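In: how would this look folded up:
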Amino acid sequence: MAWCWNISPTIPVTGQIHDEVQLDGIYLRGGWCCLIAIAGDQVIGWQWCDTEKSAAWTALLERFPAPRVAVIDGGSGLGSALRRAWPETRIQRCLVHVQRNVRTEITRQPRTKAGRRLRVLSLALTKIGTREEALIWLRALNSWHEANKTFLAERTYRGSGPTPQHVRTGQAWWFTHYRLRRAYNLLARTARERVLFTYLEPEFEGLGISSTTNRIEGGINAGIRRMLRDHRGLPLEHRQRAVEWYLYQRSENPPAPHRLIREEHYKTLTPLTPIAGDEPIGPDELGTATIAEEGLWARSGWGGRP
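Out: This is a model prediction of the structure:
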């Protein structure tokens, strides 16, 4: 059955225009990343790369017609690839990932009053279900900034205390509440770019546009991780092939696997049985002596330590 690893499945491109496509990448141990695109519950394509960079995302996106909405987590390289390959497609940032990014900056328990209020605002994102609620949230974010803009503008000068790791050599001053500023700027920027509440836009009413990437994160990616955990020990090439088969089987109406077999899949095998006339490798008999050549010899002390 070893020849079966030679078969690399692919999903044919149908040219169908989807209302929503979710995009995400998953990393494998060994330095490879698989970029995945799904429409609904079906996988429509994938792309292998070393990191989530613009060129790799562009290679994946250019295979398909531009959908109406792309739901993304804000990973590196994807934004520029979307502007290049799908310039007319609207973007919906995953609200759960936005919450996580804010939490990374200000933690679960911010030390300042302003930080605690901003965390409450970020947690409210995933509870918004109407345009009216979205407008209320945007006004609350603007009110937060008006109340705390002086606090955010506070500076610390070199020599007046410990120097944070993010400060560059020779930098004379920095914003005291650097991480709080970053958290607010993330929310303000995504709101300004109109990628927080795309799923509530009137033009997409009735289409069921998602506000998160939970469908690909919890459905496809979680399944891949579970499969690789259950079959841990596979070499990297076999892990890649297993991921491809997992994605292929979750595409829309995949052909039966045996239809993908071609003659060259058999010819690439290395013979596993001895060839007539070959001399046997190794000694006729195996000894039991402890010899240094095999890393076996008497050691003293506990665990080989003197």
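In: looking at this, Gly15 is in a strand?
Out: No - applying DSSP: H, G, I helix; E, B strand; the rest coil, one finds Gly15 to be coil, outside a strand.
In: tally of neighbours for the residue nearest to it when sequence neighbours are not counted?
Out: The shortest distance from Gly15 to any non-neighbouring residue, by CB to CB, 6 or more residues apart in numbering, is to Pro65 (6.2 Å). Quick note: C-beta positions are derived from backbone N, CA and C, even for glycine. Number of residues near Pro65 (other CB atoms under 10 Å) recorded here: 13.
In: Tell me who's in contact with Pro65.
Out: Residues near Pro65 by CB atoms under 8 Å, 6 or more residues apart in numbering: 15-17.
In: Mind jotting down where the helices sit in the stretch 201-306 of the chain?
Out: 214, 222-230, 236-248, 264-267 (DSSP state H, counting those that start in this stretch).
In: mind checking which of these is nearest Gly30?
Out: Nearest to Gly30, of all these, is helix 236-248, at 3.9 Å by CB to CB.
In: elements contacting that closest one?
Out: strand 20-28, strand 32-39, strand 42-49, helix 222-230 (3 or more CB pairs under 8 Å, 6 or more residues apart in numbering; DSSP states H and E).
In: of all these, which lies closest to Glu264?
Out: The nearest among the helices and strands packed on helix 236-248, by CB to CB, is strand 42-49 at 20.5 Å.
In: Between strand 32-39 and the closest one, find me the angle.
Out: 160 degrees (axes from the mean of the first three to the mean of the last three CA atoms, to 10 degrees).
In: If I take strand 42-49 and strand 20-28, what angle do their directions form?
Out: Going by the same axes, to 10 degrees, strand 42-49 makes 40 degrees with strand 20-28.
In: Tell me how far strand 42-49 lies from the chain's centre.
Out: When distances are taken as CA atoms, centre = their mean, to the nearest Å, strand 42-49 is centred 13 Å away from the chain's centroid.
In: for it, which positions count as buried?
Out: Buried residues in strand 42-49, defined by neighbour count with 16 or more other CB atoms under 10 Å: 43-47, 49.
In: Likewise for stretch 185-195?
Out: 186-187, 190-191, 195.
In: per-residue confidence averaged over it?
Out: The predicted model assigns stretch 185-195 a mean pLDDT of 96.
In: Then stretch 133-145?
Out: Here the average pLDDT along stretch 133-145 is 97.
In: Need the contact partners of that stretch.
Out: 114, 117-118, 121, 124-125, 127-128, 152, 184, 187-188, 191, 196-197, 200.
In: picking that back up, dump the helices of the stretch 201-306 of the chain into TSV; add mean neighbour count, distance to Gly25 and mean pLDDT as well.
Out: Below are the helices of the stretch 201-306 of the chain laid out as TSV (neighbours: other CB atoms under 10 Å; distance: least, CB to CB, whole Å; pLDDT from 0 to 100):
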stretch	mean neighbour count	distance to Gly25	mean pLDDT
helix 214	16	16	93
helix 222-230	13	11	94
helix 236-248	17	12	94
helix 264-267	10	28	83
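In: could I get these as TSV with distance to Thr163?
Out: Below are the helices of the stretch 201-306 of the chain laid out as TSV (distance: least, CB to CB, whole Å):
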stretch	distance to Thr163
helix 214	40
helix 222-230	39
helix 236-248	42
helix 264-267	60
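In: To Cys33, which of these lies closest?
Out: helix 236-248 (10.7 Å).
In: any idea of the angle that closest one forms with helix 222-230?
Out: Using the same axes, to 10 degrees: helix 236-248 against helix 222-230 is 140 degrees.
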